[in-house]
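In: give me a model of this one.
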Amino acid sequence: MSALDGGASGLAEPASAAGTRDASFALRFGWLAVMGAVFFSTYGFANWLAARRAAVPTFAFGWEHAIPFVPWTIVPYWSIDLLYALSFFFWTRRADLLDHVKRLLTVQLISVACFIAWPLRFGFERPDAGGVAGALFTLLMGFDKPFNQAPSLHIGLLVVLWAVRSEERRVGKECLF
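Out: Presented below is the predicted three-dimensional model:
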């Protein structure tokens, strides 16, 4: 066991005891760091790979072109990143934290596998946005290239994060969101 596991001794614990132990702050932060690295490396790799293809198709229904661009919607879009990071600190039991990590990793790997197998790019240009919204879009475009449109990784992660909230409410705990 390492310091990251929250233990000081080298003795192994039975599996049943390990699952009921508290998840230390260091363990939660460590998993956040690992999963952040996994997220950016796999998502970036899928973008990099798609950008090297000769032709990446687009897909959009005709009615989607009539949806107006609303700059402030970038704020809720970005909010999932904050909730993703905070979600590692909602769990008090190690086993629950590990289950959460497995769920996030599963969504990530399935989405990235789809991005690699069937890359899709935006079929239309985003209009310019000014102010804070424009700055957030510019920051987003720094690492989020116009590929990886389906499946929606944001929606997949949102489902996992919603499960966090539902579990907290089920057991009668206060939840941050």
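
In: quick one: find the helix or strand in this protein with the lowest mean pLDDT.
Out: When each helix and strand of the chain is scored by mean pLDDT, DSSP states H and E, helix 15-20 comes last, with a mean of 53.

In: what is the mean pLDDT for stretch 90-103?
Out: Averaged across stretch 90-103, pLDDT comes to 92.

In: in that stretch, what counts as buried?
Out: Residues of stretch 90-103 classed as buried by neighbour count (16 or more other Cβ atoms under 10 Å): Phe90, Trp91, Arg94, Leu97, Leu98, His100, Val101, Arg103. C-beta here means a position set from N, CA and C on the backbone, and glycine is covered the same way.

In: try stretch 144-156
Out: Quick answer for stretch 144-156 (16+ other Cβ under 10 Å): Lys145, Pro146, Phe147, Asn148, Gln149, Pro151, Leu153, Gly156.

In: likewise for stretch 23-34?
Out: So for stretch 23-34, counting by 16+ other Cβ under 10 Å, buried means Ala23, Ser24, Leu27, Arg28, Gly30, Trp31, Leu32.

In: skipping adjacent residues, who's closest to the last one in space?
Out: In other words, Leu32. Of all residues not flanking Leu32 in the chain, Phe88 sits nearest, at 4.3 Å (Cβ to Cβ, 6 or more residues apart in numbering).

In: where's the one you found relative to Phe61, distance?
Out: 36 Å (Cβ to Cβ, to the nearest Å).

In: which residues sit against stretch 54-74?
Out: Stretch 54-74 is contacted from outside by 50, 119-124, 126-127, 129-131, 133-134, 136-137, 140, 147, 149-150, using Cβ atoms under 8 Å, 6 or more residues apart in numbering.

In: buried stuff in that stretch?
Out: Result for stretch 54-74 [16+ other Cβ under 10 Å]: buried residues Val56, Pro71, Ile74.

In: name the nearest of these relative to Tyr84.
Out: Ile74 (16.1 Å; Cβ to Cβ).

In: remind me which helix or strand that closest one belongs to.
Out: helix 74-87 (DSSP states H and E).

In: tell me the helix or strand right after that helix.
Out: helix 94-117.

In: what helices and strands are in contact with that next one?
Out: helix 15-20, helix 25-51, helix 74-87, helix 153-170 (3 or more Cβ pairs under 8 Å, 6 or more residues apart in numbering; DSSP states H and E).
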